[in-house]
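J.: below are the sequence and a predicted model; questions follow.
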Amino acid sequence: MSNHELEGKLRELRQLQALIEEAEAEAEGIKDAIKAHMGDSEELRAGEYRVTWKTVKSARIDAVALRAALPEVVERFTRETTVRRFCVA
């Protein structure tokens, strides 16, 4: 791929990413409007659609607090991974 072709692909990628961000923001706005309409309800039916908005509880380890209290345990159970990050600047 020539430098000119690469530059064109990067331009196209940036444009598509901008469209995706715009669509995601619009989708979030629609979700927020639906949630506002639902209020405290956990379920809503509209025609063929069934919408649920339920509270989900989860428990996670506070890594910062664990590292402060038991650094040797954190060291023992920490594993390092390596990834390649793709970024266009």
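T.: All right, it came through fine.

J.: now Val51. Nearest residue, chain neighbours left out?
T.: Leu44 (4.4 Å; Cβ to Cβ, 6 or more residues apart in numbering). All C-beta atoms are positioned from the backbone trio N, CA, C, and that covers glycine.

J.: could you pull out the helices for the chain?
T.: In the chain, the segments counted as helices under DSSP state H are 3-38, 63-69, 71-77.

J.: measure the spatially most central residue of the chain to Ala18 for me?
T.: Nearest to the mean C-alpha position of the chain, by Cα atoms, centre = their mean, lies Glu24 at 10.6 Å. Distance, Glu24 to Ala18, using Cβ to Cβ, to the nearest Å: 11 Å.

J.: same deal with Leu10?
T.: In terms of Cβ to Cβ, Leu10 sits 13 Å off from Ala18.

J.: can you read off the pLDDT for Ala89?
T.: pLDDT, Ala89: 87.

J.: same check, this time on Leu13
T.: 97.

J.: touching, it and Val88? I think so.
T.: Yes. Contact criterion Cβ atoms under 8 Å: Leu13 and Val88 qualify, at 6.4 Å.

J.: these two: which has the busier surroundings?
T.: Neighbour count, other Cβ atoms under 10 Å: between Leu13 and Val88, Leu13 has more, with 11 against 7.
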